[in-house]
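Asker: Using only what follows, build the 3D model:
(one chain, ligands or ions: 1)
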Amino acid sequence: MSPQFRAPKGVPEYVPPASGRFLMVRETLSAPARLAGYGYIELPVFEDTALFERGVGESTDVVSKEMYTFTDRGDRSISLRPEGTAGVMRSVIENGMHRGGLPVKLWYAGPFFRAERPQQGRYRQLQQVGVEAIGSGDPALDAEVVALADRAFLDVGLRDFTLHLNSLGCAQCRPAYSARLREFLDGCDLDEATRQRAQINPLRVLDDKRPEVQEQIASAPLPVDYLCAECAQHYDATRGFLVDLGVTWQESPRLVRGLDYYTRTAFEFTHPGLGAQSGIGGGGRYDGLMSALGGPDMSGIGFGLGVDRTLLAAEAEGLHVPDDAQVRCFCVPLGEEARHVAVSLLGRLRATGVGADMAFDSRGLKGSMKAADRSGARFALIIGEEEIAAGTVMVRDLVEGTQEPVPLDDVVVRMMGSAG
Ligand code: HAM
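Answerer: Now for the predicted structure:
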């Protein structure tokens, strides 16, 4: 019988055991930021539509085509958040966080919503781990943020990813560059939609992946060649700090991000195992965003890492991502008296922080051992009549295939200490 209801189209659902791996990836991606002094921020999942229009940019695909926007019961235009940076900025201004010590360093995690055409790795509800560091233009901070993302992917175990780096210039040098690029694009044979895009934001055309466009713009002027002295110095300094941090990257002078707020440092991590959706994370500096949202003129830099895509990339590399809910031992009681011993043992194991489960419903040895195998536990703790009489538990190592009787009173300590 086919189910009457299904999850919405394009929304990935994580159920055990994949959900355990999802949690593990999300935890691993956020750990480097927590080690670097970033505080957690829990943001609203929806905000005023105008926040994203003004913050992310009305001409971006994300805002103009992909937002889930609706009118609430108070006749306000509300949108599900398509990304996190604008919301963080709103919150920093509203809570006056920028009046304390600078930079304000924050991290967040959760679902974001974009009405994109669903395909492998491209979802309508996507999960990110992000950071934002606000109130400092120090290039050492650019390097810190890039390195945190790099560390996060390495800690998941990924090896095949590439970090692409570029500088997009600032309010001083960008206008002259944009004008020069627009002039160049005017001389190209582009379709009408691309031509219009060139008028609104010519930089976006640089990033067009279609071969016919790439061919035309092969000799287009590039942002790095038009950086003002401050931007060039900032880019050089950022790269110097990245060398200090041992981060390797590829210069990608055509890298342009899909959101309008970026200035200076822009970066993206790609992975070859995902097909068309190769971006596993990205970010950059945004000099004018805070003032555009009514705050003081402060710079910031951050990133968003795609949790769904990182999990796919890990699978593509054949990595073993451990299941966060996996228990260490699994009790197999044989008989009613043994069930009492098992329940009591289970309570003591869990109280000391050892993950433990048991076979319910008196299934007998064969059925219980099957359940033990399925649980992924390293050890089966078998308790039968003989063990009860001897005051022991049969500890079976499910990986090695060995077993030995252990005095009941020693089992908890043994399970805490044994490797595996
Ligand atoms: P973004 O590049 O739009 O940046 O998204 C960041 C990451 O989210 C992408 O690299 C990708 O891994 C993941 N992602 C985006 N869209 C989808 C989708 N439809 N399905 C699955 N994964 C997706 C931002 O959102 C910026 N707020 C990042 C940032 C923070 N920049 C500065 N601070």
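Asker: Show me what whatever residue of the chain ends up closest to the ligand bridges to in the sheet.
Answerer: With Cβ to the nearest ligand atom as the measure, Gly306 is the residue of the chain nearest to the ligand, at 2.2 Å. (C-beta placed from N, C-alpha, C; glycine too.) Counting by DSSP bridges, Gly306 is bridged to Gln128.
Asker: Test my guess that it contacts Gly279.
Answerer: Yes: Gly306 is in contact with Gly279 according to Cβ atoms under 8 Å; the separation is 7.1 Å.
Asker: So which of the two has more stuff around it?
Answerer: Taking other Cβ atoms under 10 Å, Gly306 and Gly279 do not tie; Gly306 has more neighbours (26 against 20).
Asker: ok, now which ones touch that one?
Answerer: Gly306 sits next to Leu126, Gln127, Gln128, Gly279, Ile280, Gly281 when contact means Cβ atoms under 8 Å, 6 or more residues apart in numbering.
Asker: Those residues: which two are farthest apart?
Answerer: Greatest spatial distance in these: Gln127 and Gly279, 14.1 Å, computed using Cβ to Cβ.
Asker: Keep only the contacts of Gly306 that also lie close to the ligand.
Answerer: When Cβ under 6 Å from any ligand atom is applied, the members of those adjacent to the ligand are Leu126, Gln128, Gly279, Ile280, Gly281.
Asker: Closest to Arg396 out of these?
Answerer: Closest approach between these and Arg396, by Cβ to Cβ: Ile280, at 40.0 Å.
Asker: Is it correct that the closest one falls within a helix?
Answerer: No: Ile280 is assigned strand when assessed by DSSP: H, G, I helix; E, B strand; the rest coil, not a helix.
Asker: Would you mind confirming that it makes contact with Phe303?
Answerer: No: assessed by Cβ under 8 Å, Ile280 is found out of contact with Phe303, at 10.8 Å.
Asker: number of nearby residues for the nearest residue to Val129 once chain neighbours are set aside?
Answerer: Take Val129 and drop its neighbours on the chain: the residue closest to it by Cβ to Cβ, 6 or more residues apart in numbering is Leu29, 4.2 Å away. Around Leu29 there are 28 other residues, counting by other Cβ under 10 Å.
Asker: now do Asp72
Answerer: Using other Cβ under 10 Å: Asp72 sits among 9 other residues.
Asker: Spatially nearest residue to it, not counting backbone neighbours?
Answerer: Ile78 (4.9 Å).
Asker: Surely that neighbour and Thr71 touch.
Answerer: Yes: with contact defined as Cβ under 8 Å, Ile78 and Thr71 form a contacting pair (7.3 Å).
Asker: okay, and the common contacts of these two?
Answerer: Between them, Ile78 and Thr71 share no contacting residue under Cβ under 8 Å, 6+ apart.
Asker: The two - which one has more neighbours?
Answerer: Taking other Cβ under 10 Å, Ile78 and Thr71 do not tie; Ile78 has more neighbours (15 against 10).
Asker: ok, now how distant is Val307 from Phe22?
Answerer: From Val307 across to Phe22, the span is 7 Å (Cβ to Cβ, to the nearest Å).
Asker: what's the overlap in contacts for the two?
Answerer: Gln127.
Asker: who touches Phe379 in this structure?
Answerer: Counting by Cβ under 8 Å, 6+ apart, Phe379 has contacts Arg328, Cys329, Phe330, Val395, Arg396, Asp397, Leu398, Met415, Ser418, Gly420.
Asker: Looking at these, which is nearest Gly100?
Answerer: For the contacts of Phe379, the minimum distance to Gly100 (Cβ to Cβ) is 42.7 Å, reached by Arg328.
Asker: Tally up the residues packed near that closest one, please.
Answerer: Using other Cβ under 10 Å, Arg328 has 19 neighbouring residues.
Asker: What does the pLDDT read for it?
Answerer: At Arg328, the pLDDT value in this model is 96.
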